[in-house]
Structures are given as C-alpha cells and as structure tokens.
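**Q** I'd like to go over a predicted model; first the sequence, then the structure.
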Amino acid sequence: MNRKLRTGLIGMGCRGISLLHDTLLPMTEDRLEIAAVCDVYEDRREKAAKLVEETCGYRPFATGDYREILGMDIDAVIIMSSWRSHLDMAVQAMKAGKYVGLEVGGAYSVEECWRLVHTYEETGVPCMLLENCCYGKRELMVLNMVKQGVFGDVVYCEGGYHHDLRNEIAGGEVNRHYRLQEYLHRNCENYPTHELGPIAKVLKINNGNRMLSLTSTASCAKGMHAYLQKQTGPVTKYADAAFAQGDVVNTVIRCAGGETICLTLDTTLPRAYSRGFTVRGTAAAYFEDIDAFFLDQVHRKYEFNARGLWGNAAEYEDEYMHPLWRGFEPKGGHDGMDEMVYSAFVDAALAGVQPPIDVYDTAAWMCITALSEASISTGSMPVAIPDFTSGRWVQRQDIAEQKYALHF
C-alpha cells in the first residue's frame with residue numbers, strides 16, 4: 001500500500017471548502033490523508049470536519065488555532081486562509097518542519113517575501129505556491145510549443161485577472177470574505193499570480209531570466225460605487241464608501257532578457273471572465289481571448305481577418321498538446337487545473353523533493369502586489385524587483401525529472 005501524505009488544512013472559507021470537496025477528498029483514496037482542519041470560524045471548520053468524516057470514515061482534528069496543527073505529527077499543511085495571513089503561516093509551518101502548500105494571493109511587503117525565502121534557506125523545508133493556472137490546458141500547450149521553438153524568441157507576454165467580482169466584494173461583510181476590506185483600503189495589482197505564473201514559466205523567470213523592474217498605473221475607482229447604488233440590503237451601507245482600489249490596474253514588467261510583461265487587474269467593471277493569456281514571439285503568437293494561434297509562415301492571409309483565426313488552437317492539439325494533458329480527463333474545479341496542481345504538490349511532498357513552483361517563484365510572483373502598490377502611490381514611478389535567488393537565476397535550472405515539472 002502506498003504511503004499517504006498526512007496533511008492539515010488551514011482556512012476553510014469558500015476556496016478551502018470547494019477545494020476540499022472537489023479536489024482533496026477524491027485524493028484521499030490513494031495519496032492523501034486529511035488529519036486536521038482549521039478555521040477561526042467554528043461553523044466553517046465543523047463543515048470541513050463533517051465532509052472529511054462522511055467521505056473518509058474518521059473525524060479529523062478541528063481547531064481554530066493553526067498553531068495546534070503545526071504541533072501535530074503531520075507531513076504537510078495546505079494554507080487557504082486570507083491573503084493577509086498567508087505568508088506568516090507559511091513561515092511558521094516551515095519552521096515547524098511541515099512541507100507547505102500555499103494558495104495564491106499577493107504580498108503586503110517585500111520584507112515578508114524575503115522572510116519566506118530566508119526561512120526556506122535556513123530550514124530546507126519546501127514551500128509550493130499552488131498556482132493552478134500554470135497547469136491550464138492552453139497555458140501548458142503554449143509552454144510546450146515555446147519549448148519546441150514554434151514561437152521563435154518570445155518578446156512580449158500579457159495576461160490579466162479579468163473577473164467581475166463586484167458581487168463578491170459587496171457581500172464581503174455578510175459572507176466574511178476579506179476582499180471587501182482589501183478594495184476599500186488598498187490600490188494595487190492585488191491578484192497577480194494567475195496571469196504571471198504561466199508567463200514566468202514561459203520566460204524562464206528564476207531559471208535563466210528574471211524580472212528587473214515594474215511600473216503600475218491605476219484608473220479611478222467608480223465601479224463599486226455604481227454597482228452598490230443599484231443594490232438593496234446590508235451591502236448598501238457601502239454605497240457611498242470611497243473604494244481605494246482602481247477599477248483597472250496595468251502593470252508593466254521589464255525582464256533581464258529584454259522581454260516585457262503586461263499584467264491587468266480588472267475586477268470591478270462589468271465584463272466576461274478572461275485571463276487574457278497572450279504570448280508574442282518572432283515566429284508566432286497566441287491570443288487566449290480568441291483561442292487562436294498566428295503562425296508567421298501559415299496565417300499571413302489572416303492579417304486583416306482575425307475572425308478567421310478564432311478557435312484555431314484546437315487544430316494544433318494533436319501535434320502540440322502538453323504530455324500532462326494527453327489522456328487527462330479533468331475532474332473537480334477550474335477545468336482540471338486544481339486537480340493537476342494539487343497532484344503536483346502531493347507528489348513532490350511525498351517524495352520529499354522540491355516542488356515545480358518553489359519558494360523563489362512564490363516570492364517573485366507575490367511581491368508584485370506590494371511593488372505595484374508602491375509604484376501607483378508614487379505616480380507610476382519605476383520600482384525595482386528583488387532577485388530572491390541572490391544571483392543564482394543565471395545558472396539555476398528547474399527540476400526536470402518530475403512528472404509535473406514546468407520547465408524546458
């Protein structure tokens with residue numbers, strides 16, 4: 001019988017419960033044991049404990065204090081709590097010798113990102129950012145094509161978190177969701193990793209390349225006010241609130257290799273969901289919003305007829321689909337991305353090896369939030385991005401032998 005990863009779950013809000021139900025509980029059949037659940041709200045941790053008991057036949061330890069979990073005989077923790085608590089919990093978990101899986105979010109300071117890195121280097125305990133979008137079907141297909149030279153030299157990438165969150169933000173107090181307070185008091189690229197993660201792997205960030213500097217510009221904030229003016233019920237107490245978070249934030253990043261990245265946060269105006277994943281090279285381009293490739297030697301006739309390209313990415317799946325997606329039948333949340341990123345985490349933790357999204361990736365991607373806030377506050381002045389590898393990025397290589405490696 002294969003050994004199971006004995007794990008504690010911290011943070012059983014909306015994301016935590018959905019992951020537990022859709023992704024983690026199915027993994028308990030062969031690879032995962034959920035030994036403990038934690039949330040400061042009793043109803044949430046009791047709901048989680050009940051789900052585990054109904055599925056697994058035992059009741060996990062349930063607590064409102066994550067430090068009790070860190071003191072248990074467990075292998076790993078998965079942190080799914082609010083953004084503000086993420087990195088401190090990860091540091092404490094590494095000090096306690098627990099392999100860390102960290103759900104996504106932005107950092108509040110560069111210092112806390114350095115603390116994460118220094119803790120790893122002092123303890124040797126790995127930390128993996130659970131950025132599911134790195135394992136998206138198209139993101140991995142593009143990565144595979146870049147690896148095979150289809151794009152030539154990649155020059156420019158863009159991506160965004162284009163997601164109408166007005167209802168979630170407005171209901172933050174009722175639903176005990178932290179986004180409301182974030183949008184009231186901060187103005188930044190608050191959720192960068194969904195778009196930046198896949199791009200960072202395409203551009204070999206921390207593995208032969210690095211991000212050097214950024215500038216961020218935020219629009220005015222009118223979306224939440226306009227939305228709340230039309231609502232009824234408890235949320236109307238914020239109808240005249242002064243939201244700090246700009247409706248659209250654009251962040252431009254310059255890389256050591258000369259490439260540029262444009263990230264867009266767009267969450268408080270009406271629109272359809274998109275991550276806007278775009279990769280531009282000297283020989284090809286991919287545009288997520290129309291799910292299309294433009295290959296220089298194939299599609300010149302469509303130069304003034306973009307509609308003729310719409311959806312053509314499916315035509316290239318047989319040739320270029322990433323090996324991880326061949327024969328993969330997605331289950332659970334986010335079209336299979338959750339299942340894949342958590343499989344990557346469990347496999348790495350069970351083997352006791354470095355994860356495919358490591359502590360240096362985690363720090364580099366999450367620090368963008370704090371740095372964008374600094375740039376916006378100074379009128380979009382350039383801000384330097386730290387080198388969390390302390391120069392090792394020049395020769396550092398991703399782990400190649402792992403099934404879920406994101407390398408080329």
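**A** That came in fine, so what should we check first?

**Q** what secondary structure does Q397 sit in?
**A** Per DSSP: H, G, I helix; E, B strand; the rest coil, the local secondary structure of Q397 is coil.

**Q** Flag every buried residue along stretch 163-173.
**A** The neighbour-count criterion (16 or more other CB atoms under 10 Å) identifies 163-166, 168-172 as the buried residues of stretch 163-173. Every C-beta, even on glycine, is put in place using the N, C-alpha and C of the backbone.

**Q** can you put those residues in CSV and add pLDDT?
**A** Listed next are the buried residues of stretch 163-173 as CSV, based on pLDDT from 0 to 100:
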residue, pLDDT
H163, 97
D164, 98
L165, 97
R166, 96
E168, 93
I169, 95
A170, 93
G171, 88
G172, 83
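
**Q** Among the residues you listed, which are located in helices?
**A** Of the positions in these, 166, 168-170, 172 sit in helices, assigned by DSSP state H.

**Q** Farthest pair within these?
**A** With CB to CB as the measure, no two of these lie farther apart than R166 and G172, at 11.0 Å.

**Q** which one among the ones in helices among the buried residues of stretch 163-173 gets closest to T378?
**A** The nearest member of these to T378, counting by CB to CB, is I169 at 25.8 Å.

**Q** got the contact list for that closest one?
**A** 177, 179-180, 183, 224, 267-268 (CB atoms under 8 Å, 6 or more residues apart in numbering).

**Q** Can I get these in a markdown table including neighbour count and distance to N2?
**A** Formatted as a markdown table, the entries for those read as follows, by neighbours: other CB atoms under 10 Å; distance: CB to CB, whole Å:
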| residue | neighbour count | distance to N2 |
| --- | --- | --- |
| H177 | 19 | 37 |
| R179 | 20 | 39 |
| L180 | 22 | 43 |
| Y183 | 27 | 44 |
| M224 | 25 | 49 |
| T267 | 25 | 41 |
| T268 | 26 | 46 |
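
**Q** Just the ones of the residues you listed in helices?
**A** Judged by DSSP H, the contacts of I169 include 179-180, 183, 224 as members of helices.

**Q** which one of those residues is nearest G336?
**A** The shortest distance between G336 and any of those, using CB to CB, involves R179 and amounts to 25.3 Å.

**Q** Report pLDDT for the closest one.
**A** You'll see R179 listed with a pLDDT of 91.

**Q** how far away is the nearest residue to it once chain neighbours are set aside from L228?
**A** On the basis of CB to CB, 6 or more residues apart in numbering, the spatially nearest residue to R179 that is not a chain neighbour turns out to be I169, at 5.1 Å. Look at I169 and L228: by CB to CB, to the nearest Å, they are 9 Å apart.

**Q** Report how many residues lie close to D335.
**A** By other CB atoms under 10 Å, the residues close to D335 number 14.

**Q** low-confidence ranges in the stretch 1-150 of the chain?
**A** Counting by pLDDT under 70, the stretch 1-150 of the chain has low-confidence residues at 1.

**Q** how about the strands in it?
**A** Chain-ordered strands for the stretch 1-150 of the chain, with DSSP state E, counting those that start in this stretch as the definition, fall at 5-10, 32-38, 61-63, 76-79, 99-102, 127-129.

**Q** what about the strands in the stretch 151-300 of the chain?
**A** Counting by DSSP E, counting those that start in this stretch, the stretch 151-300 of the chain forms strands over residues 154-162, 211-218, 248-255, 260-266, 278-281, 284-287, 292-295, given from the N-terminal end onward.

**Q** Check the offset of the second one from the chain's centre.
**A** Going by CA atoms, centre = their mean, to the nearest Å, the spacing between the C-alpha centre of strand 211-218 and its chain's C-alpha centre is 19 Å.

**Q** can you check the last one too?
**A** Here strand 292-295 is found 26 Å from its chain centre; the criterion is CA atoms, centre = their mean.

**Q** For the protein, list the residue farthest from the centre, please.
**A** Distance from the C-alpha centroid of the chain peaks at K301, with 36.8 Å (CA atoms, centre = their mean).

**Q** ok now do it, which residues does it touch?
**A** Listed by CB under 8 Å, 6+ apart, the contact partners of K301 are G308.

**Q** I'd assumed S343 was in contact with P355.
**A** No: P355 is not in contact with S343 according to CB atoms under 8 Å; the separation is 11.4 Å.

**Q** out of the two, which sits in the more crowded spot?
**A** The neighbour count for P355 versus S343, taken as other CB under 10 Å, is higher for P355 (28 against 18).

**Q** Setting aside sequence neighbours, what's the nearest residue to the more buried one?
**A** Leaving aside its chain neighbours, P355 sits nearest to M128 (3.5 Å; criterion: CB to CB, 6+ apart).

**Q** repeat for F277
**A** E288 (4.0 Å).

**Q** need the helices for the stretch 1-150 of the chain, in chain order.
**A** Secondary structure of the stretch 1-150 of the chain (DSSP state H, counting those that start in this stretch): helices located at 14-19, 25-27, 42-56, 66-70, 83-95, 110-123, 137-147.

**Q** Sorry, wrong one. I was asking about the stretch 201-350 of the chain.
**A** Remark: helices assigned in the stretch 201-350 of the chain by DSSP H, counting those that start in this stretch are 223-228, 317-320, 337-351.
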